[in-house]
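In: My questions concern the predicted model and sequence given below.
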Amino acid sequence: MVVNLQGRPSRRQSFYGDIKTTSPVTIYTCPSNCRAEVRFIHIVNAGGNNTITIKWYVAADAYEFNFLTGKNFSSGEYLSFQEIDLILEPGDEIRATTSSADHVDVIVTAVETFIPVG
């Protein structure tokens, strides 16, 4: 879907992470030619009991901001953040880490606004 925000071309997209590891997983990376407004994050624990952490990596500062830290999820539990306005700059990321290698799904919906060069 293409929309115009402040006269600039934009697109709304959803991204997902199918997490089956205890290593950090990048769910979304803001493209180099865009600014992204994250509006929705949905987390589903489809495996056994798990502790889940969601972080916002700020590329300009090489810093990880804790969005959700150490939330315990039982099997089948989910959590949605529906009315958020998190602005990501080029290279920023949304990352997820789990305490066990069970099945966790994370969905991120963002509006990417094109940044013209020059």
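Out: Yes, it's here.
In: How far does stretch 20-28 stretch from one end to the other?
Out: By CA to CA, to the nearest Å, the extent of stretch 20-28 from end to end equals 17 Å.
In: helix/strand/coil for the spatially most central residue of the chain?
Out: With distances taken as CA atoms, centre = their mean, residue 94 lies nearest the centre of the chain, 3.8 Å away. Three-state assignment for residue 94 (DSSP: H, G, I helix; E, B strand; the rest coil): strand.
In: for the chain, which spans come out with low pLDDT?
Out: 1-8, 118 (pLDDT under 70).
In: hmm, 50 instead?
Out: Applying pLDDT under 50 to the chain flags residues 1-2.
In: burial count for the nearest residue in space to residue 46 that is not next to it in sequence?
Out: Nearest non-adjacent residue to residue 46, counting by CB to CB, 6 or more residues apart in numbering: residue 103, 4.2 Å away. Every C-beta, even on glycine, is put in place using the N, C-alpha and C of the backbone. Residues lying near residue 103 (other CB atoms under 10 Å) number 16.
In: Also residue 19?
Out: Residues lying near residue 19 (other CB under 10 Å) number 25.
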